[in-house]
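Q: Task: produce atomic coordinates for the following.
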Amino acid sequence: MKNTINLSFRPDLSVIADECEKLETVLTEAGVDSSPALKVRCIAHEFLVNVVRHGKPCGETEEITLDIDIHDDSIELHFTDSGMEWMPDHKVLRHPFHYSSDDDLYAPSGKGLRLIGAMCRAYRMFRYKGRNHTSISVELK
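A: This next block holds a predicted model:
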């Protein structure tokens, strides 16, 4: 079984929480259990907040798209945004709870990527034609 859902979000911090709540509802209505639906909601919220806060410093207004593929054993999230180019620290994603020092542990930034890394099975990102393409895989358990 594969079900695809296509959504788009305004790059506006004031609407992200409500939009992610709607996303969770859409997933549960599509037959996804509440626990993975909540996990996807948390990942989407953290990802969208980071894109808006850090990736759009010049006030770009192009929407962020999210294509969701629901499979029997996983949910694949495919985000596309026109924000600044950046590459995640894959070491942090693979080992989200490993901190090199107390400075890392108490650093004001980087926590969102660690949260996403802890909740997902795989994270891939590339840049193509001026847009960031990010895929995040979440297990259905």
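Q: Now tell me what touches stretch 122-136 from outside.
A: 43, 47, 51, 55, 76-83, 85-88, 90, 93, 116-117, 120, 137 (Cβ atoms under 8 Å, 6 or more residues apart in numbering). No exception for glycine: its C-beta is placed from N, CA and C like everyone else's.
Q: typo on my end, it should be stretch 70-84
A: Residues contacting stretch 70-84 (Cβ under 8 Å, 6+ apart): 1-5, 11, 27, 30-32, 36, 40, 43-44, 47, 51, 54-57, 60, 62, 64-69, 121, 130-140.
Q: Quick one: buried ones out of the residues you listed?
A: Using 16 or more other Cβ atoms under 10 Å as the burial test, those include 5, 11, 27, 32, 36, 40, 43-44, 47, 51, 55-56, 64-66, 68, 132, 134-136, 138, 140 as buried.
Q: Narrow these to those in helices?
A: 27, 36, 40, 43-44, 47, 51, 55 (DSSP state H).
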